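Colleague: Build me a model from this:
(one chain, ligands or ions: 1)
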Amino acid sequence: MKVIEVNGLRKKYRDRFVVDDVSFSVEEGEIFGVLGPNGAGKTTTVECIAGLRVPDAGTVKVLGGLHHAELKQRLGVQLQSSAMPAKIKVWEALDLYSSFYRDPADWHALMERVGLTDKRNTPYAKLSGGQKQRLSIALALVGRPKVAILDELTTGLDPQARRDTWELIEQVRADGVTILLVTHFMEEAERLCDRLALIDAGRLVAVDSPAGLIARVQDSQHVTFRAPAAFDTALLTGLPQVGEVRRDGARIEVTGSGELLLAITTALSSAGVVPTDLRAEQATLDDAFLALTGRKIST
Ligand code: ADP
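Modeller: Numbering: from 1, shown residues only. Reported below is the predicted structural model:
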């Protein structure tokens, strides 16, 4: 079942379209990522989905087209811009937010789950960046949403806190919540997302799984090894998986696609050639974005 359907979405500020004809849909139970460089239009896109901005054109349907009041009950939103009053304590924020919902989660359990129980009486302004982030995730989940929209949830966190947050998101998904995640971190997108929408300068570049996107990079595989002096590269150049073969003394470098490593090792073994120092490297999402847009996502 599709829980989010975006069709031909366009949004402009002044005379410039910052979201320009974006369409994608998100299936129930997915962690779906919106990935692109800063300023690409990711936040604007999800703000339109969350009903916080009015699109200039196109349609957005969430949970089959629920109306605003009902949608607010079913949607958990964590945005970069959402700040809390400095003096509100952790428990007060959770208690307040849970009062907005008809059928809220037990916020004590949620507070425990995001590891904030020992900070329950700490005012918002005194929390660390990671603690604020975890509180905002808890607040997005306190209404027991069907869909959670999370924007740049690990920006500013140290690597350990980032991994902890990823684990938390995976647990939330395991509970059946569909997650729409905005990110500009490749590693986060690759680790967490089932599928990704790549966005660049307001336009949708591609929608696919991380592996599917990487597979689109031509010659996405890179294999090197050392071969005996008598080795004839013609053994490899004819293979369908091989793009290019370069030789530098004993060192052979092959680029190609598909099951490149397997094709090479099979060909070498049937010719009785024993390679040494065999290494294989895969293209990354960064390479995929570069190949699709001509630009790198800088983090
Ligand atoms: P991202 O989330 O990918 O970083 P945003 O959706 O935040 O991108 O922004 C896309 C573009 O729209 C940026 O150039 C940003 O400066 C501009 N923008 C965002 N919000 C506003 C606004 N309220 N008024 C004018 N321009 C805006």
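
Colleague: Pull out the C-alpha coordinates of stretch 28-48 and format them as PDB.
Modeller: The C-alpha coordinates for stretch 28-48 follow below in PDB (Å, rounded to 0.1, in the frame of the first residue of the first chain):
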ATOM      1  CA  GLU A  28       3.900   1.200   3.900                       C
ATOM      2  CA  GLY A  29       6.700   0.100   6.200                       C
ATOM      3  CA  GLU A  30       9.500   1.600   4.100                       C
ATOM      4  CA  ILE A  31      12.400   3.800   5.200                       C
ATOM      5  CA  PHE A  32      12.400   6.200   2.300                       C
ATOM      6  CA  GLY A  33      15.100   8.700   1.900                       C
ATOM      7  CA  VAL A  34      15.100  12.100   0.200                       C
ATOM      8  CA  LEU A  35      18.800  12.700  -0.600                       C
ATOM      9  CA  GLY A  36      20.500  15.700  -2.100                       C
ATOM     10  CA  PRO A  37      22.900  18.500  -1.500                       C
ATOM     11  CA  ASN A  38      22.100  21.500   0.700                       C
ATOM     12  CA  GLY A  39      19.600  23.800  -0.900                       C
ATOM     13  CA  ALA A  40      18.300  21.000  -3.300                       C
ATOM     14  CA  GLY A  41      14.700  21.400  -2.100                       C
ATOM     15  CA  LYS A  42      14.400  18.400   0.300                       C
ATOM     16  CA  THR A  43      13.000  20.200   3.300                       C
ATOM     17  CA  THR A  44      10.500  22.200   1.100                       C
ATOM     18  CA  THR A  45       9.400  18.900  -0.400                       C
ATOM     19  CA  VAL A  46       8.700  17.200   2.900                       C
ATOM     20  CA  GLU A  47       7.100  20.300   4.400                       C
ATOM     21  CA  CYS A  48       4.600  20.200   1.500                       C
END
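
Colleague: Report the buried residues of that stretch.
Modeller: 30-37, 40-48 (16 or more other CB atoms under 10 Å). No exception for glycine: its C-beta is placed from N, CA and C like everyone else's.

Colleague: So is it next to the ligand?
Modeller: Yes. Stretch 28-48 comes into contact with the ligand (CB under 6 Å from any ligand atom), by way of 36, 38, 39, 40, 41, 42, 43, 44.

Colleague: ditto for stretch 72-91
Modeller: No. Using CB under 6 Å from any ligand atom, stretch 72-91 stays clear of the ligand, coming no nearer than 8.1 Å.

Colleague: Give the residue spans of the stretch 51-200 of the chain that score low on pLDDT.
Modeller: 81-82 (pLDDT under 70).

Colleague: Let me know the helix or strand that residue 290 is in.
Modeller: helix 285-293 (DSSP states H and E).

Colleague: which SS class is the residue with the largest distance to the centre of the chain?
Modeller: Residue farthest from the centre of the chain, counting by CA atoms, centre = their mean, is residue 230 at 46.9 Å. Secondary structure assignment for residue 230 (DSSP: H, G, I helix; E, B strand; the rest coil): coil.

Colleague: That one and residue 264: what is the separation?
Modeller: According to CB to CB, to the nearest Å, residue 230 and residue 264 sit 17 Å apart.

Colleague: How much space separates the nearest residue to residue 292 once chain neighbours are set aside from residue 146?
Modeller: Among residues not flanking residue 292 along the chain, residue 205 sits closest, at 5.0 Å (CB to CB, 6 or more residues apart in numbering). Distance of residue 205 to residue 146, computed by CB to CB: 28 Å.

Colleague: who's in contact with the nearest residue to residue 275 once chain neighbours are set aside?
Modeller: In space, and not counting its chain neighbours, residue 275 is closest to residue 225: 3.8 Å by CB to CB, 6+ apart. The contact partners of residue 225, taken as CB atoms under 8 Å, 6 or more residues apart in numbering, are 251, 252, 264, 275, 276, 277, 278, 279.

Colleague: Make CSV from those residues and add secondary structure and neighbour count to it.
Modeller: Listed next are the contacts of residue 225 as CSV, based on DSSP: H, G, I helix; E, B strand; the rest coil; neighbours: other CB atoms under 10 Å:
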residue, secondary structure, neighbour count
251, strand, 12
252, strand, 21
264, helix, 25
275, coil, 18
276, strand, 9
277, strand, 10
278, strand, 16
279, strand, 11
